[in-house]
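In: Quick one, fold the following:
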Amino acid sequence: MTRCAWAGSDPIYIAYHDTEWGVPERDGRALWEKLILDGFQAGLSWITILKKRENFRTAFNGFRPEAIADWGEAEVLRCLADPGIIRHRGKIEATIGNARAYLALGGAQPFADLCWSYVGGQPVQNAPASMQEVPAATEVSTRFSKDLKKAGFKFCGPTIVYAWMQACGLVNDHLANCPRCAEVARMG
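Out: Got it, this is the predicted structure:
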């Protein structure tokens, strides 16, 4: 199997590539969780987040925005003391604010509808020939990022948003020679 080169040889990365990355996600709460995790990834490798994902889910109440939106300093301090997650005050506080912004948008379905509206409701099928053809950000991710920030979201710059769009299947950037490219395209 010729996987996308970024999957490397780590079994965690391979499993993520082969089963999850690029699969169209339509559940608004899951989209929100993945956006938060992509925000935590800023400045780090994605494998770091994958290895800590279950710890994040525990620390952040299963990524239930309704619970996180009410958090205060005590919860921030608890997270800062948790060695199982990325202990970054700004990112933890952004998660609380992002939960509030998500709820202000109306929750799961309105958030999912908003996300998918940026790609016309269907995944963008790119099928790049090489990693050099895959952009770090696009006009759409830049516009989406600006709109998320206007809605109160943080840690959602154009590069983070584009990586999240790829991960959540809004964009299919599996390389053309990767078997997952066609498999994911059929899921769209």
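
In: Quick check on Phe153: phi, psi?
Out: phi -80, psi 150 (degrees, to the nearest 10).

In: From Ser141, how far out is it?
Out: 13 Å (C-beta to C-beta, to the nearest Å). C-betas here are computed from N, CA, C, even on glycine.

In: for Ala176, same thing?
Out: When Ala176 is compared with Ser141 (using C-beta to C-beta), they lie 21 Å apart.

In: Those two: who's more crowded?
Out: A count of neighbours by other C-beta atoms under 10 Å puts Ser141 above the other of Ala176 and Ser141, at 25 against 12.

In: name the helices or strands packed onto the host helix or strand of that one?
Out: Using DSSP states H and E, the secondary-structure element containing Ser141 is helix 139-150. Using 3 or more C-beta pairs under 8 Å, 6 or more residues apart in numbering; DSSP states H and E, the elements in contact with helix 139-150 are helix 158-167.

In: Give the next helix or strand downstream of the helix it packs on.
Out: Note on helix 158-167: by DSSP H and E, the next helix or strand toward the C-terminus is strand 171-172.

In: does Pro24 belong to a helix or a strand, and which?
Out: Assigned by DSSP H and E, Pro24 falls outside every helix and strand.

In: tell me the pLDDT at the nearest residue to it once chain neighbours are set aside?
Out: With sequence-adjacent residues excluded and distances taken as C-beta to C-beta, 6 or more residues apart in numbering, Pro24 is closest to Gly169, at 3.5 Å. We note a pLDDT of 98 for Gly169 in this prediction.

In: One more: the one 3 residues further on?
Out: Among the per-residue scores, Asn172 shows a pLDDT of 98.

In: wait, Ala185 sits on Asn172?
Out: Yes. Using C-beta atoms under 8 Å, Ala185 is in contact with Asn172, at 5.7 Å.

In: between these two, who's got more neighbours?
Out: For Ala185 versus Asn172, neighbours defined as other C-beta under 10 Å are more numerous around Asn172 (25 against 17).

In: Beta-bridge partners for the more buried one, please?
Out: Note on Asn172: beta-bridge partners by DSSP bridges are Gln125.

In: Quick one: residues contacting it.
Out: Gly22, Pro123, Val124, Gln125, Asn126, Ala127, Cys181, Val184, Ala185, Gly188 (C-beta atoms under 8 Å, 6 or more residues apart in numbering).

In: show me what contacts the residue nearest to Pro24?
Out: Per C-beta under 8 Å, 6+ apart, neighbours of Gly169: Gly22, Val23, Pro24, Glu25, Pro123, Val184, Met187, Gly188.

In: one step back: need the overlap of contacts for Ala185 and Asn172.
Out: Pro123, Gln125, Ala127.

In: Please produce a PyMOL select command covering the buried subset of the residues you listed.
Out: The PyMOL selection below is limited to those of those classed as buried (16 or more other C-beta atoms under 10 Å):
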select buried, resi 123+127
